[in-house]
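Asker: kindly return the folded structure for what I paste below:
(one chain, ligands or ions: 1)
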Amino acid sequence: MKKIMRIAALAMALCLALCGACASAEGNHILIAYFTAAENSGVDAVSSASVVEIDGAAKGVSQAVAEWIAERTGGDLFSIRTSTVYPAEFDPLADYAMREQEEDARPELTTHIENLDQYDTIFVGFPIWWYEMPMVMRSFFDEYDFSGKTIIPFTVHRGSRLSGTPEVIQELEPNATVVQDGFQVYHEETPDAKADLDAWLTGLGY
Ligand SMILES: Cc1cc2nc3c(=O)[nH]c(=O)nc-3n(C[C@H](O)[C@H](O)[C@H](O)COP(=O)(O)O)c2cc1C
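Answerer: The predicted structure follows:
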């Protein structure tokens with residue numbers, strides 16, 4: 001009997017050691033990448049053109065949604081940042097963003113995903129600017145090859161919803177699977193959108 005117990009304990013210890021090795025070798029396989037004006041305007045979030053207050057903290061709207069997705073899925077958060085300092089006020093930001101579109105600009109990225117290989121699912125969130133993704137998102141998709149990975153878009157907006165952005169992402173990343181039924185939330189409704197977000201994530205199997 002003692003011998004059986006010893007063998008069982010040994011087997012369990014071996015199993016735990018192997019599982020631990022697996023977990024650390026694989027790492028997290030979900031990444032939540034997001035761009036938000038508030039983190040790229042050179043002012044604190046409160047002074048930004050676009051901010052939402054959640055649990056007493058002011059933050060970019062896309063950031064708030066990204067954090068909820070990370071909380072629910074356990075994925076790693078990644079803030080897409082650029083050396084461009086966007087105007088903090090809405091009107092100059094609107095002009096600036098329109099000019100970037102007209103010029104087909106590719107703002108320089110200052111944050112870069114490390115260990116892209118470890119991720120198979122990438123949630124990608126951004127605000128809609130002039131009916132499209134901000135041009136910095138094109139810099140982002142230029143930088144990475146997401147072939148074989150699943151991209152799950154989410155947007156915040158003031159009426160344009162997803163605005164065709166999943167189709168654009170699919171064109172930019174032809175060898176990725178881009179979920180077309182992305183999450184979208186109206187800017188002002190974001191603080192109350194957690195239940196909708198949870199339902200969407202449940203539908204995706206999270
Ligand atoms: C430059 C600019 C252009 C915008 N263009 C649109 C638009 O075309 N359609 C729309 O629904 N919302 C538009 N919005 C609203 C944003 O999508 C919305 O405020 C979003 O919540 C901002 O998210 P953020 O806080 O993560 O930056 C625009 C906002 C800005 C600043």
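
Asker: quick one, phi psi at residue 141?
Answerer: phi -70, psi -30 (degrees, to the nearest 10).

Asker: isn't it right up against residue 173?
Answerer: Yes: counting by C-beta atoms under 8 Å, residue 141 touches residue 173, with 6.1 Å between them. Heads up, the C-betas are built off the backbone N, CA and C, glycines and all.

Asker: need the residue closest to the centroid of this protein.
Answerer: Nearest to the mean C-alpha position of the chain, by C-alpha atoms, centre = their mean, lies residue 33 at 2.8 Å.

Asker: would you mind giving both backbone torsions of it?
Answerer: Torsion angles, degrees, to the nearest 10, at residue 33: phi -100, psi 140.

Asker: can you name the residues bridging to it?
Answerer: On the basis of DSSP bridges, residue 33 takes part in beta bridges with residue 78, residue 124.

Asker: local confidence estimate at it?
Answerer: The score at residue 33 is 98. That number is its pLDDT.

Asker: which ones are touching it?
Answerer: By C-beta atoms under 8 Å, 6 or more residues apart in numbering, the contact set of residue 33 is 66, 78, 79, 80, 113, 122, 123, 124, 125, 140.

Asker: with adjacent residues omitted, what lies nearest to the fourth one?
Answerer: Just to be clear, that refers to residue 80. Closest residue to residue 80 apart from its sequence neighbours, by C-beta to C-beta, 6 or more residues apart in numbering: residue 35 at 4.1 Å.

Asker: then the first one?
Answerer: The spatial neighbour of residue 66 that comes closest, neighbours along the chain excluded (C-beta to C-beta, 6+ apart), is residue 34 at 3.8 Å.
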